[in-house]
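Novice: Return a 3D structure for these sequence lines:
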Amino acid sequence: MKNGSDHRSLEKVGEGTLELAWPVRHKIAMGIGTGLQYLHFYSTPKIIHRDLKPGNIFLDENFDAHVADFGLAKALPETATHATTSNVAGKVGYIAPEYHQTLKFTDKCDVHRFWAVLAVLVTAYR
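Specialist: Presented below is the predicted three-dimensional model:
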């Protein structure tokens, strides 16, 4: 993608070589939310990303956000409310507490990560 990852863009903001105006940050946030909405509500089967972080959000030439890197993603059967894993996966700081404690993940774990990504997007703190 032309503008790289959200992580790289925020590094450039910190370096002072890029300015992300609030409308652009809002657009990025809405794009991430739309991507998660698709994965959780419209994809069959439901997809839990499990590794949402600024490094896995790519920005095109218009700063439209694209959720990427589905290496840890899991598909949930239509009747399942959660899945269980034998180990916690993902970047520390973005992992939902309930996932860390119980090894059960749901779409709510992605929502927790989304809030963490939003905090990083707003503060530009990596």
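Novice: Break down this protein into its strands, ranges please.
Specialist: Secondary structure of the chain by DSSP state E: the strands cover 46-48, 57-59, 65-67, 74-76, 83-84, 104-105.
Novice: can you put those in JSON lines and add mean neighbour count and mean pLDDT?
Specialist: (C-beta placed from N, C-alpha, C; glycine too.) What follows is these, written out as JSON lines (neighbours: other Cβ atoms under 10 Å; pLDDT from 0 to 100):
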{"stretch": "strand 46-48", "mean neighbour count": "20", "mean pLDDT": "93"}
{"stretch": "strand 57-59", "mean neighbour count": "23", "mean pLDDT": "97"}
{"stretch": "strand 65-67", "mean neighbour count": "20", "mean pLDDT": "97"}
{"stretch": "strand 74-76", "mean neighbour count": "16", "mean pLDDT": "89"}
{"stretch": "strand 83-84", "mean neighbour count": "12", "mean pLDDT": "80"}
{"stretch": "strand 104-105", "mean neighbour count": "20", "mean pLDDT": "84"}
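Novice: Can you convert those strands into JSON lines and add a column each for distance to residue 28?
Specialist: Written out in JSON lines, the entries for the strands of the chain read as follows (distance: least, Cβ to Cβ, whole Å):
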{"stretch": "strand 46-48", "distance to residue 28": "20"}
{"stretch": "strand 57-59", "distance to residue 28": "7"}
{"stretch": "strand 65-67", "distance to residue 28": "5"}
{"stretch": "strand 74-76", "distance to residue 28": "25"}
{"stretch": "strand 83-84", "distance to residue 28": "28"}
{"stretch": "strand 104-105", "distance to residue 28": "24"}
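Novice: To residue 10, which of these lies closest?
Specialist: Closest to residue 10 of the strands of the chain, according to Cβ to Cβ: strand 57-59, at 10.1 Å.
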